[in-house]
Structures are given as C-alpha cells and as structure tokens.
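# Quick one, what's the 3D model for this:
(4 chains)
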Number of protein chains: 2
Amino acid sequence: MKASDNLFELNANKGTEPTGVRKKHDDLLVSLRRVIRAIDLHSKQLSKETGLTAPQMIVLQEIGAHDGVMVKDLAKLINLSSATVTSILDRLEARGYAVRLRSNHDKRKVDLHLTPEGRAAIKDAPTPLQSHFIRRFEALQEWEQTQLLSTMQRIAEMMDASEIDAAPVLDVGTLAQHSWAENSSR
Amino acid sequence: MKASDNLFELNANKGTEPTGVRKKHDDLLVSLRRVIRAIDLHSKQLSKETGLTAPQMIVLQEIGAHDGVMVKDLAKLINLSSATVTSILDRLEARGYAVRLRSNHDKRKVDLHLTPEGRAAIKDAPTPLQSHFIRRFEALQEWEQTQLLSTMQRIAEMMDASEIDAAPVLDVGTLAQHSWAENSSR
DNA sequence: ATAATAAGATTAGAATACGAATTAATTGAG
DNA sequence: CTCAATTAATTCGTATTCTAATCTTATTAT
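Predicted coordinates for the structure are as follows:
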C-alpha cells in the first residue's frame, strides 16, 4: 500500500490550511483524481488498440441497446450534454460506425442507428475499464464488490448538484432515498 | 408527460450483455463517470465564480506549498503530465498568478513561483470539491468518512496500471477484519 | 394566419488531458 | 574535447467536455 503513496506525501497541505489539519476530503479528491486519470489513460490506450475511445464505445453500445434513440435522450442516458454527444457522433459517423437519420414526424429530431460495422465493433469490444482492474475486482468477495459499488454510488449521489442543496442541516437519511435503486445491503 | 420521464426505466437494465446479467463493474463505471462529471461541472462553475478552474487552483496551491518547484516535479505531485501542466501554467502566468523562472544552474529547468496575486487567490479560494459535498461528507461519522476514503484509495490502487497483476495479492486485510459497520483504526 | 415561444441539434469557444515530436541544455563516452 | 544520449520544457495534434449562441422545426397564443 505504500508503493504509490510516497508521491502524495509531499502533498500535505502546507500553506493553505492554517491549522495544519489534513482534511479527509482532500485525500478523497486526490484518490478521485487518480482514478479519473487511470480511466482516461485507459481510454486512450483503448483508442490505440481498437480505434475507439471509451466514450465512443459507450455511445455505440447505448445506440445498440436503444436503436433509433434521439440525441437528447442518448445524452441523458449516458449522463453527458447533447453537445458532447454530437461531437462524439461526428467521429463515429465519419468512421462509419453509426448513422444519423432525421426523424420523419419531427424533423428537429435525429434518430441514431448502428451500421453493421458499428455492431461488429461493439461485439468484440473490451469493456471500457482496465481488464486488470476487472480481474482484481471480480476476484473480490461478493460482499466486497457490493460494498465498493455502493460506496461509489453514495459518493456520486453526495456530489450530484441537483440535490436539496439548500438544506441547512444535513440528514443523511434523506439523501439515501432519492434516485437510486437499492439492491445493496449497506 | 415529458419525454424524459421514462428515461430512467430504460436505463435500468440494457441489452449489452447477451445473458442479461448486469455486471457490477459496469455499474461501478457508471457511478465513476457520474462522479467525474460532477467534479468537472463544479470546476466549470468555480471558474465562472472565481476565475479559476479546479486544476488551476490545484496547481497554484501546489506551487504555494513548494515554492520554486520545477514543472516535472509539480506534474508528478499532482498526477498530471508535463504537457498538461504547461498549458495550465500558460493561463496562470498570463493572468499574473504565477511566474516561470529559468533556473540558473540548469537552464532546462523552470522554477515556479506565485505572485502576490496568486498567493491571494489561493488564500480565499474554496476547495475544488463541491461545498455541498463537503458539508455532507463532514456530517458523516468519522468511521464513515474513513470508509469512503479508503474505498476510493483502494479503487485507485486497483486501477493503477503500474503494479501489473503478477501478484494478485489483495491486501484485503484492512477491510476484511472489521465488518462493514465497524469502526476502523488507521 | 401570423407572431412568439419552445425544443432538438449543432456550432463556437474554452479548458483539460494525453502522447509524440521538438528544442534547448547537460552529461557521458571515447 | 567532441558527439551521442539523456533530460526538461514546450509545441502539436487529437479527443472530451462544458455553456452559450445559433439554426431549424414545431407548437401555442393572439
């Protein structure tokens, strides 16, 4: 557990906190950024191997699962803005993995479909997570997997800007019921 | 009656897996991406309020904590590539928050310093995490905070490409010994 | 029927982020 | 001492991501 930690030792908050107290949420951010970077690096690695980045793959998979979906709904489905999806679609369409079809009923809408190439691409695509991570993750006990997952979901929820933000007093109980399916033991 | 109302059901279980088995690591990736997005959105929000994005703030803080640090070491400290740091520094220097000084001994190196403006900027800067997240986080029990943090660190470690799975030695010990609702020692 | 408004997609512009290629400076081998 | 290798920083090209602005189409109100 020490191998990579030495880099971050230096990271201790010198000047910013007068108290010198190391905040847990600062450490949390450090880990988060490490994870973000790992995901990004893997996406770029993927791109070199398969020609598709992780976001491109996700878009493709989602179109595959919802043929004819429109841009706005796809964006909502994968939690990105429409603008972002548009730019990803540009590349996907240029390479012949997906097609845009203007809807007949409502010409504002664009219906998305996969080409045969697109279908082939997601058939044998690796997941957008590092395979060595998946191996390690699946080697864990079931309850540990559940625990990791539910912790992540909890953090995601705590960060969601939408929430009852203005609530002056924090009651953890109220957050838990908002919008996630609870299959977890917790 | 809006079109978006039924989106969440679509989201539940989709056909990417022929078996219909929803993998936990897929859900994990979804939460991770949600968190990544929340952090990014907050960074952009910050930028509108304070004129500094989260990465810019982090760079500034780190220079403040290690006056005269060189680009390469700074990059390692905050887990970014030198190229990225260079481009962040461009903006920071252009706005007069930081200065580059070519080292005397070794003219390849660049020593980084804060200007008075830069020092002022980090003095009253909010943390690069959503304040409502921090509020919620700090409202948690100590052991819960520790638990969230250590889960994140664990995921970060599992994703680190470095230690390739030659030894799938999971140092599970830390988590396994106290059951989920137990206080941890650190 | 026409004007105002809304909705969907795209474009524009900015920031972050990477690896690869490049430039400049230092070091090391012969 | 000289030339090759190495190192530090930057530049270049590409991708992701956002908000705001814009364009086209549809709906609503006057």
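
# Show me which residues of chain A are close to DNA strand D?
A:43, A:47, A:53-56, A:79-81, A:83-84, A:87-88, A:91, A:105-108 (CB under 7 Å from any atom of the strand). For every residue, glycine as well, the C-beta is placed using N, CA and C.

# filter these down to the ones close to chain B.
A:79-80 (CB under 8 Å from any CB of the partner chain).

# Please flag which of the residues of chain A next to DNA strand D sit within strands.
With strands defined by DSSP state E, no entry of those lies inside them.

# any idea how far residue A:45 is from residue A:137?
Between residue A:45 and residue A:137 the distance, using CB to CB, to the nearest Å, works out to 18 Å.

# quick one: is the longest helix seen in chain A near DNA strand C?
Ranked by number of residues, the top helix in chain A under DSSP state H is helix A:24-50. Yes - interface with DNA strand C: helix A:24-50 contributes A:33, A:36-37, A:40-41, A:44 (CB under 7 Å from any atom of the strand).

# now swap in stretch A:103-122 and tell me
Yes - figure legend: stretch A:103-122 in contact with DNA strand C (CB under 7 Å from any atom of the strand); contacting residues A:106, A:108-110.

# helices and strands of chain A: which one bottoms out on pLDDT?
The helix or strand of chain A with the lowest confidence, counting by mean pLDDT, DSSP states H and E, is helix A:6-9 at a mean of 38.

# The longest helix of chain A vs helix B:24-50, what angle?
Using axes from the mean of the first three to the mean of the last three CA atoms, to 10 degrees, the direction of helix A:24-50 lies 120 degrees away from that of helix B:24-50.

# Give me the helices and strands touching helix A:24-50, please.
Counting contacts by 3 or more CB pairs under 8 Å, 6 or more residues apart in numbering or on different chains; DSSP states H and E, helix A:24-50 packs against helix A:54-65, helix B:24-50, helix B:131-139, helix B:142-159.

# Flag every buried residue along it.
Within helix A:24-50, the residues that qualify as buried by neighbour count (16 or more other CB atoms under 10 Å in any protein chain shown) are A:24-39, A:42-43, A:46.

# so where is chain A shaky, pLDDT-wise?
Chain A contains residues with pLDDT under 70 at A:1-20, A:161-186.

# do you know how far residue A:91 is from residue A:53?
According to CB to CB, residue A:91 and residue A:53 sit 9 Å apart.

# what does residue A:71 give?
18 Å.

# With neighbour numbers in mind, choose between those two.
residue A:53 (20 against 17; other CB atoms under 10 Å in any protein chain shown).

# one step back: tabulate the residues of helix A:24-50 next to DNA strand C (CSV), appending distance to residue A:160.
Formatted as CSV, the residues of helix A:24-50 next to DNA strand C follow (distance: CB to CB, whole Å):
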residue, distance to residue A:160
A:33, 19
A:36, 17
A:37, 22
A:40, 21
A:41, 26
A:44, 27
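
# Tell me the one of those nearest residue B:115?
Comparing the residues of helix A:24-50 next to DNA strand C against residue B:115 with CB to CB places residue A:33 closest, at 25.3 Å.
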